[in-house]
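Visitor: Here is my input, please return the structure:
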Amino acid sequence: MEQENQSFVTEFVFIGLSSEPRVQTCLFAVFLVFYLLSVVGNILIIAVIRADPRLHMPMYFFLSHLSFLDICYITTNVPQLLVNLSTKSRTISFRACATQMYFSLACGMNECFLLGVMAYDRYVAICHPLRYTVIMNRKLCTQMVAVCWSCSLLSCLVVSALTLRLPFCGPNTLNHYFCEVPAMLALACADTSLTEKVVFIFSILIVFLPFVLIVLSYGRILSAIVWMKYDSSRAKAFSTCGSHLAVVALFYGTATIMYTRPQVKSSQDRNKIIALFYTIITPMLNPMIYSLRNKDVKGALNIHLVWWTLQGQFFKPFS
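Guide: Next comes the predicted model:
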């Protein structure tokens with residue numbers, strides 16, 4: 001399959017986000033800042049959760065995995081984008097494009113699953129507080145994360161295989177800033193209806209099933225909050241759930257638009273803007289949302305930043 005595809009097209013050329021040199025320079029600076037903020041912010045969250053015993057809870061266990069996932073997600077796309085913006089060469093080999101498409105899609109699928117698991121965790125914590133530590137034990141949490149990774153990697157393998165089996169005989173100009181399934185399908189010189197149907201089915205399963213779990217979980221959470229006697233309990237419940245809901249709305253809103261609506265070749269420019277949100281904006285905003293809205297994370301972050309700065313041991317948590 002690979003030899004057949006590469007006999008037609010050996011590399012792709014990105015159109016990117018702009019062809020104006022001044023705009024490219026501005027975009028390079030903006031996305032470099034976004035990338036650094038995302039990586040540094042998510043690393044800080046992982047480090048604080050590891051360093052502070054008060055955060056050794058299932059909620060923060062999943063949050064640390066979400067932060068690690070966001071680092072992987074943004075790293076699969078932004079470095080290539082920065083190279084394209086800073087150099088005249090915008091080419092990528094067929095194999096590199098296939099690899100980028102696979103891991104980018106796998107990270108996106110995994111984020112859907114993980115957000116669903118985090119919603120279930122909040123449901124157990126608020127609706128069954130006395131049994132929370134028994135139900136959400138470390139073994140179950142580890143198994144949930146393992147299932148998320150396994151399902152996303154296997155599902156992505158099916159979608160990627162169906163996409164890469166198509167012949168790419170030209171043109172090789174990819175109207176995107178990274179290799180994504182809809183943009184790749186637009187270049188295939190064969191009938192893509194079967195692949196598009198499979199992508200749609202997997203989108204329903206992977207995007208909407210976790211979304212249904214999120215809706216059901218928060219429906220029960222809302223019902224439980226209404227019956228809470230104390231305003232302080234309600235405020236704490238809303239605080240812990242608000243951050244997760246903000247991330248869900250941002251990620252699911254854009255991902256759903258991208259993968260469940262009919263793909264039209266003329267809408268490729270719009271697709272690039274939509275993809276910016278769930279591949280770059282969301283991983284950058286996640287640490288800010290959780291650190292600013294979550295008092296426990298915010299307090300621990302302030303304490304440990306001061307401590308690491310005074311002791312000169314900022315990188316000790318990573319050793």
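Visitor: Low-confidence regions, this structure specifically.
Guide: Low-confidence segments of the chain (pLDDT under 70): 1-7, 228-240, 242-243, 255-269, 291-319.
Visitor: where do the strands sit along it?
Guide: Assignment of strands within the chain using DSSP state E yields the ranges 11-14, 91-93, 173-174.
Visitor: other SSEs contacting the second one?
Guide: To tie it back to what came earlier, the one meant is strand 91-93. strand 11-14 (3 or more Cβ pairs under 8 Å, 6 or more residues apart in numbering; DSSP states H and E). In this view, the C-beta of every residue, glycine as well, is placed from N, C-alpha and C.
Visitor: Show me how far the strand it packs on is from its chain's centre.
Guide: 24 Å (Cα atoms, centre = their mean, to the nearest Å).
Visitor: Could you export it as CSV, CA atoms only?
Guide: Provided in CSV are the C-alpha atoms of strand 11-14 (Å, rounded to 0.1, in the frame of the first residue of the first chain):
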residue,chain,number,x,y,z
GLU,A,11,5.8,14.5,-0.6
PHE,A,12,3.1,17.1,0.2
VAL,A,13,3.4,20.9,0.1
PHE,A,14,1.5,22.8,2.8
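Visitor: Buried residues of that strand, list them for me.
Guide: For strand 11-14, burial by neighbour count (16 or more other Cβ atoms under 10 Å) applies to Phe12, Phe14.
Visitor: hmm, who's touching it?
Guide: Strand 11-14 has contacts (Cβ atoms under 8 Å, 6 or more residues apart in numbering) with 84, 90-94, 97, 172-174, 176-179, 187.
Visitor: follow-up on the earlier one: okay if I get the strands of the chain as a markdown table plus distance to Ser203?
Guide: Shown next, in a markdown table, are the strands of the chain (distance: least, Cβ to Cβ, whole Å):
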| stretch | distance to Ser203 |
| --- | --- |
| strand 11-14 | 23 |
| strand 91-93 | 25 |
| strand 173-174 | 21 |
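Visitor: and of these, who's closest to Gln80?
Guide: strand 91-93 (6.8 Å; Cβ to Cβ).
Visitor: Can you mark which positions in the closest one are buried?
Guide: Ile92.
Visitor: Identify the neighbouring strands of that strand in the sheet and state each direction.
Guide: strand 11-14 (antiparallel) (DSSP bridges).
Visitor: how about the nearest residue to Val9, chain neighbours excluded?
Guide: Phe168 (4.1 Å; Cβ to Cβ, 6 or more residues apart in numbering).
Visitor: quick one, what contacts that neighbour?
Guide: Going by Cβ under 8 Å, 6+ apart, Phe168 touches Asn5, Phe8, Val9, Phe94, Met184, Leu187, Ala188, Cys189.
Visitor: Which of the residues you listed sits closest to Ala51?
Guide: Nearest to Ala51 among these, with distances taken as Cβ to Cβ, is Met184, at 41.9 Å.
Visitor: Kindly provide the distance from the closest one to Arg165.
Guide: 11 Å (Cβ to Cβ, to the nearest Å).
Visitor: Identify the contacts common to those two.
Guide: What both Met184 and Arg165 touch, as defined by Cβ under 8 Å, 6+ apart, is an empty set.
Visitor: Between these two, point out the one with more neighbours.
Guide: Set Met184 next to Arg165 and count neighbours by other Cβ atoms under 10 Å: Met184 wins out with 22 against 14.
Visitor: any idea what sits nearest the more buried one, other than its immediate chain neighbours?
Guide: Here the residue nearest Met184, using Cβ to Cβ, 6+ apart, is Thr163, at 5.5 Å.
Visitor: In CSV, list the contacts of Phe168 along with distance to Thr195.
Guide: Converted to CSV, those look like this (distance: Cβ to Cβ, whole Å):
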residue, distance to Thr195
Asn5, 14
Phe8, 17
Val9, 17
Phe94, 17
Met184, 9
Leu187, 12
Ala188, 8
Cys189, 13
